[in-house]
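Colleague: Need coordinates for the following:
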Amino acid sequence: MSTAASVPETYELEGDDALRTLRQTGWGRLAKDSFRRFRAADGFSHTRALAFQIMLTLLPALIATVGLATALGAGTFRKIIQETFTRLAPGPAGDIINQAFRQGAKSASGGANAALLFGLVAAVVSATFAMGQIERGANRIYGIERDRPTTQKYGNAFQLAVTSGVLSVLALVLIIAGADIATGTGLSGALGGLWAVLRWPISIAFTVAAFALLFRAAPNRRQPDPSWLAVGSGMAVALWFVFTGLLALYLSVGGSSMGRTYGPLTGIIAILLWTFLTSLALYLGLAFAAQLEAIRAGVPSPVSGQPASPAAPHQDGVRRRWRAILR
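Modeller: Predicted coordinates for the structure are as follows:
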């Protein structure tokens with residue numbers, strides 16, 4: 001069974017540039033080798049596992065959010081969330097979303113605050129395990145066979161859950177529910193136009209920050225300068241926006257027929273599809289960053305046990321610097 005080749009840590013190297021290395025290698029070659037690295041690390045299995053874990057996070061988070069909004073009397077906020085998710089899950093599929101909202105409202109209005117608390121705790125725990133899964137997949141992509149010790153792994157995962165995870169959710173809300181927020185809060189005229197423009201760069205900034213945190217902190221290794229991670233994280237962000245946009249377009253155009261086909265399961269299928277595409281974008285971006293650093297280290301072969309491909313012109317200098325460091 002092939003595995004991804006180990007990527008040496010290059011944080012001590014200086015004097016080279018990520019964009020220059022990318023230009024000399026070529027986008028096509030780097031993309032091809034990155035996908036080979038992704039496949040060698042069993043990337044699709046990690047993608048499916050992460051998608052399932054994100055799904056387990058979203059549903060209790062939805063119930064907890066609605067229950068909290070109801071308890072605080074934030075009826076406008078609750079209505080915005082409900083209309084947005086019902087629109088994304090049309091027809092019979094909306095029954096699942098409406099049931100979640102009724103459960104959240106019941107937990108708050110009936111005084112069962114424990115249910116609301118348990119929903120929040122379940123969301124945080126699931127998000128922490130999701131970040132732990134990201135570390136596992138990232139390590140395999142970088143050719144690292146062992147994760148951090150359990151306490152360190154899930155301590156780091158919890159920090160990522162409350163930072164990168166929250167930023168990702170905020171970005172998704174701005175993309176999906178930006179128009180509903182403007183309508184629900186009564187924004188119109190110049191303010192409405194300003195909001196329609198600003199929500200996109202804000203969502204991009206949140207997404208970039210979330211992915212940058214994951215690329216920096218998730219792998220069990222010392223990462224290079226941010227410039228060497230920017231290409232991979234930028235690729236992940238671009239893929240995430242493309243995948244999310246295509247899914248939103250599909251739901252808006254073919255949502256009714258999808259609802260007739262899958263009935264009340266449509267909402268679940270749509271969310272699972274989005275979580276899978278989100279996970280895929282993340283891991284492909286990580287593979288891109290790992291392969292670029294492998295080229296920097298002078299070991300461009302993405303699969304262990306296979307001969308290296310022809311080296312880029314600058315790699316002889318990289319090898320000389322590594323030999324000087326190892327002396």
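Colleague: what helix or strand is Leu214 on?
Modeller: helix 189-217 (DSSP states H and E).
Colleague: Just the buried residues of that helix, please?
Modeller: 195, 199, 203, 206-215, 217 (16 or more other C-beta atoms under 10 Å). Quick note: C-beta positions are derived from backbone N, CA and C, even for glycine.
Colleague: what's the closest of those to Phe118?
Modeller: Within the buried residues of helix 189-217, distances to Phe118 taken as C-beta to C-beta reach their minimum at Ala210, with 26.1 Å.
Colleague: can you pull the contacts of the closest one?
Modeller: Taking C-beta atoms under 8 Å, 6 or more residues apart in numbering, we find Ala210 in contact with Thr163, Ser164, Gly165, Leu167, Ser168, Ala171.
Colleague: Let me know the distance separating the residue lying closest to the first one once chain neighbours are set aside from Thr207.
Modeller: When you say that, I think you mean Thr163. The shortest distance from Thr163 to any residue other than its chain neighbours is 5.8 Å, reached at Leu213 (C-beta to C-beta, 6 or more residues apart in numbering). Separation of Leu213 from Thr207 (C-beta to C-beta, to the nearest Å): 11 Å.
Colleague: got any residues that touch both of the two?
Modeller: With C-beta under 8 Å, 6+ apart, Leu213 and Thr207 have common neighbours Leu167.
Colleague: before we move on, the earlier item: might you report the residue contacts of the residue nearest to Thr163?
Modeller: For Leu213, the contacting residues are Leu160, Thr163, Ser164, Leu167, taking C-beta under 8 Å, 6+ apart as the criterion.
Colleague: May I ask you to confirm that the second one belongs to a strand?
Modeller: In this case it means Thr163. No. Assignment of Thr163 by DSSP: H, G, I helix; E, B strand; the rest coil gives helix, placing it outside any strand.
Colleague: burial count for it?
Modeller: Residues near Thr163, counting by other C-beta atoms under 10 Å, number 16.
Colleague: List the contacts of stretch 237-244.
Modeller: Judged by C-beta under 8 Å, 6+ apart, the contacts made with stretch 237-244 from elsewhere in the structure are 172, 175, 204, 207-208, 211, 274, 277-278, 280-282, 284-285.
Colleague: swap the cut-off to 6 Å and go again
Modeller: Contact partners of stretch 237-244, identified using C-beta atoms under 6 Å, 6 or more residues apart in numbering, comprise Thr207, Val208, Phe211, Leu277, Ala281.
Colleague: which two in these are spaced the farthest apart?
Modeller: Taking C-beta to C-beta as the measure, those span a maximum distance of 17.9 Å, between Val208 and Leu277.
Colleague: rewinding a little: distance check, the residue nearest to Thr163 against Leu19.
Modeller: With distances defined as C-beta to C-beta, the gap from Leu213 to Leu19 amounts to 22 Å.
Colleague: Equivalent analysis for Ile268, please.
Modeller: As defined by C-beta to C-beta, Ile268 lies at a distance of 42 Å from Leu19.
Colleague: neighbour-wise, which of those two wins?
Modeller: The residue with the greater number of neighbours, taking Ile268 and Leu19 and applying other C-beta under 10 Å, is Ile268; the counts read 15 against 11.
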